[in-house]
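*Asks:* Give me coordinates for this.
(chains A and B)
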Protein chains: 2
Amino acid sequence: MELEVARPILDLNDRLAAQNRALLDAHGVYVLDLLASPGAGKTSVILATIEQLRERYSIAVIEGDIASDVDAQKIKAQGIPAVQINTGGACHLESQMIRKALDVLNLEQLDLIIIENVGNLVCPTDFYLGENAKVMILSVPEGHDKPLKYPGVFQASDAIILNKVDTLQVFNFDERQFMHDVAQINPRAQIFPVSATGGSGIKTWTQWLAAQIEGAKQEELRSTAV
Amino acid sequence: MELEVARPILDLNDRLAAQNRALLDAHGVYVLDLLASPGAGKTSVILATIEQLRERYSIAVIEGDIASDVDAQKIKAQGIPAVQINTGGACHLESQMIRKALDVLNLEQLDLIIIENVGNLVCPTDFYLGENAKVMILSVPEGHDKPLKYPGVFQASDAIILNKVDTLQVFNFDERQFMHDVAQINPRAQIFPVSATGGSGIKTWTQWLAAQIEGAKQEELRSTAV
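*Replies:* As a prediction, the model looks like this:
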């Protein structure tokens, strides 16, 4: 029942997402949509990513939350432009919200926009926002059985960050089982074990992200040339 | 837009929830709806609760998941009846799903049904299922700022379990700030710090739950007498 009702919303969302994509392409901006449960460490991963890439790229962040602007404040404290979207109850961001955020950002000057979606492993999965890639974060304390329980988001993700790996022992997290289950569900996704606050693994993750950004630029040059 | 579309679903859901409630009242069954993010420890809290209360009450569990039946298997391994509901994508349980689960449980013999809702801090909040109480679990690794970011679920909860308190130091979780913020948002909710796997705090939590069950029984006796 719910899925039937949701269909027109998704169609409208996809149309607006395509418009977002065209706008972003026109300015050569790469967009990363970051998905995770509450508390998995989205903001910490973003801060660590900014630290690694800010010399190379001009970055902005769009923060999606049910309420509050604590995350946007943390980003702005680093001197990075941040737009806060409060969904007021909705469990995901939609394309029209992203469009409003794009309208207040200086797209001319940006290379990379990171969208921190609402903390949720379910709702944001089906909503294309015009991003280049969806990346999800699972944190070790959530447990290694999550790919089996939330296959949708693992399938939809171009890469998977396993955060808080410094607590693998504390939580008896079976990393081998996790890697195996992810490979079954989504063999194309790369997995990056990191500790966003400790710093381990961040370099490998940001190298991948930089390679994606460069790849998108090449792609764009080629399509402009043709 | 989304909220308008959701209204008829919620109305239908509430009607069916009232029917669930009448059915449960007729059999004197207390129902607890347990909400939390993925990996907060819902199943572990349920297992610890069963261990404390199984001598006193006849218990069954309804497991809500997007996919898989790993949680129901864990419950059944304890000799407790468990019904698995796979929502196939939906981020919350609805009253009609609960009704189907009630139909396969032996209500005559039950005192307590624990519903493990889909791992999500947003969607299940608005859906009344016919339960006596909603209780949410926040786990320490998710961070102390969650009441500010997800006020809806904290407001909707009759009690709040703070799980994994053995990791307070590891995650720099500010318990005082957390208690303060919850008190602002929902002053009536009691907070139970526990370690579901370690056992600390479980007795206090289950004493509260037993008191609620007894209270509901008294209430029922009074209404039958009148």
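*Asks:* Run through the bridge partners of the residue nearest the centre of chain A.
*Replies:* Most central in chain A under Cα atoms, centre = their mean is residue A:34, positioned 1.4 Å from the mean C-alpha point. Counting by DSSP bridges, residue A:34 forms beta bridges with residue A:116, residue A:135.
*Asks:* Quick check: bridge partners of the residue nearest to residue A:81 when sequence neighbours are not counted?
*Replies:* Take residue A:81 and drop its neighbours on the chain: the residue closest to it by Cβ to Cβ, 6 or more residues apart in numbering or on different chains is residue A:60, 4.3 Å away. Every C-beta, even on glycine, is put in place using the N, C-alpha and C of the backbone. The bridge-partner assignment for residue A:60, based on DSSP bridges, gives residue A:113.
*Asks:* wait, what's in contact with residue A:164?
*Replies:* If you count contacts by Cβ atoms under 8 Å, 6 or more residues apart in numbering or on different chains, residue A:164 has them with A:41, A:139-141, A:195-196, B:141.
*Asks:* and with 10 Å instead?
*Replies:* By Cβ atoms under 10 Å, 6 or more residues apart in numbering or on different chains, the contact set of residue A:164 is A:39-41, A:44, A:137-142, A:170-171, A:173, A:193-198, B:141, B:170-171.
*Asks:* The nearest residue to residue A:43 once chain neighbours are set aside in helix, strand or coil?
*Replies:* Counting by Cβ to Cβ, 6+ apart, residue A:43 lies nearest to residue A:71, which is 4.8 Å off, once chain neighbours are set aside. With DSSP: H, G, I helix; E, B strand; the rest coil as the basis, residue A:71 sits in helix.
*Asks:* go on, residue A:98?
*Replies:* helix.
*Asks:* Tell me how far it lies from residue B:91.
*Replies:* Residue A:98 is 20 Å from residue B:91, where distance means Cβ to Cβ, to the nearest Å.
*Asks:* which residues does the closest residue to residue A:166 other than its chain neighbours contact?
*Replies:* The shortest distance from residue A:166 to any residue that is not its chain neighbour, by Cβ to Cβ, 6+ apart, is 4.6 Å, and that residue is residue A:195. For residue A:195, the contacting residues are A:41, A:44, A:48, A:140, A:162-168, A:201-202, by Cβ under 10 Å, 6+ apart.
*Asks:* Greatest separation within those: which pair is it?
*Replies:* Maximum pairwise distance in the contacts of residue A:195, criterion Cβ to Cβ, is 18.3 Å, between A:48 and A:168.
*Asks:* Now list the buried members of the contacts of residue A:195.
*Replies:* Neighbour counting with 16 or more other Cβ atoms under 10 Å in any protein chain shown marks A:41, A:44, A:48, A:140, A:162-165, A:167-168, A:201-202 as buried within these.
*Asks:* about what we covered before: among the contacts of residue A:195, which ones are in helices?
*Replies:* Filtering the contacts of residue A:195 for membership in helices, criterion DSSP state H, returns A:44, A:48, A:202.
*Asks:* Help me confirm that residue A:138 comes into contact with residue A:146.
*Replies:* Yes: assessed by Cβ atoms under 10 Å, residue A:138 is found in contact with residue A:146 at 5.6 Å.
*Asks:* Which one's more surrounded, these two?
*Replies:* A side-by-side neighbour count of residue A:138 and residue A:146, using other Cβ atoms under 10 Å in any protein chain shown, places residue A:138 first with 31 against 22.
*Asks:* Pull the number of nearby residues for residue A:50.
*Replies:* The number of residues packed near residue A:50 is 20, by other Cβ under 10 Å.
*Asks:* Now do the contacts for it.
*Replies:* Contact analysis of residue A:50 by Cβ under 10 Å, 6+ apart lists A:57, A:59-61, A:75, A:78-80, A:112, A:114, A:206.
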